[in-house]
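Q: What shape does this take:
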Amino acid sequence: MIFVRYENWRSYLRYYPVTSLLLVANLVMFFITVFDGGSRNPITLLKYGALTDLPQFTGESWRYVTAMFLHNGFDHLLFNSFALLVFVPPLERIMGSWKFGLLYLLSGILGNVIALAYYGRMEGYETLVGASGAIYGAYGAYLYIALFQRHVMDMASRRTLFTLLILGIVLSFTPGISLVAHFGGLIGGFFLYGLMIRLFKQRT
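A: Modelled structure (predicted):
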């Protein structure tokens with residue numbers, strides 16, 4: 001069962017260095033926003049890199065990346081940090097740290113691009129933050145593994161993954177959660193993983 005964490009904190013840091021850095025980055029940015037106006041304050045979030053379709057921020061492409069490390073309230077941070085802490089780490093071991101980091105970032109960016117393109121067609125303006133698009137990118141990679149590299153993932157882990165995906169789909173319809181970013185990240189992670197194992201000739 002790959003989704004059960006047995007490591008102590010020292011082993012965790014050694015086995016999952018990129019995941020650990022991502023967790024720290026999320027925590028650091030959360031506390032920075034908390035002490036500079038509040039993590040739910042849209043002005044503060046925009047200051048530190050939230051993604052938005054407001055006209056005055058058009059062209060600031062760096063926000064596709066920075067928005068992944070911001071969270072709208074402690075509950076948002078807690079939910080994503082739990083997923084990152086528990087469910088994402090095995091992918092770093094499967095892919096290797098730098099390839100995992102690349103997939104995580106590209107999935108998050110793709111999810112944000114798709115979400116902003118979608119919300120840009122609707123009335124009003126949106127402010128998007130959160131690591132969930134990138135986390136769903138990891139889920140997308142797992143889905144590829146579960147379907148096409150079944151020897152890498154045991155049956156119990158596949159069942160857990162499918163349960164996570166079903167719950168994730170249901171929760172994505174909760175108000176305030178970007179369903180589009182989740183699906184964008186999921187699809188992105190699925191295809192990016194398939195592409196990367198071919199480009200880098202990963203043997204699994």
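Q: what about residue 124, helix or strand, and which?
A: Secondary structure assignment for residue 124, by DSSP states H and E: no helix or strand.
Q: Please apply the same query to residue 169.
A: helix 155-171.
Q: Please point out which parts of the helix or strand just after that helix sit buried.
A: Downstream of helix 155-171, the next assigned helix or strand under DSSP H and E is helix 179-199. In terms of neighbour count (16 or more other CB atoms under 10 Å), helix 179-199 has its buried residues at 180-194, 196-197. The way it works is simple: take the backbone N, C-alpha and C, and place the C-beta from them, glycine included.
Q: Now residue 85. Nearest residue, chain neighbours left out?
A: Nearest non-adjacent residue to residue 85, counting by CB to CB, 6 or more residues apart in numbering: residue 23, 6.3 Å away.
Q: go on, residue 177?
A: residue 171 (6.6 Å).
Q: do residue 63 as well
A: Residue 63's closest residue in space is residue 51 (CB to CB, 6+ apart), at 4.6 Å.
Q: Look at the one you found and say how many residues are nearby.
A: 30 (other CB atoms under 10 Å).
Q: So the residue nearest to residue 172 when sequence neighbours are not counted versus residue 99, what's the distance?
A: Spatial nearest neighbour of residue 172, excluding adjacent residues (CB to CB, 6+ apart): residue 179 at 4.2 Å. From residue 179 across to residue 99, the span is 28 Å (CB to CB, to the nearest Å).
Q: for residue 75, same thing?
A: 31 Å.
Q: neighbour count winner among those two?
A: Neighbours per residue (other CB under 10 Å) separate residue 75 from residue 99, with residue 99 holding more: 20 against 9.
Q: ok, back up a step: the residue nearest to residue 63 contacts residue 125, doesn't it?
A: No - Residue 51 is beyond contact range of residue 125, at 11.2 Å (criterion: CB atoms under 8 Å).
Q: Right, I'll leave it there.
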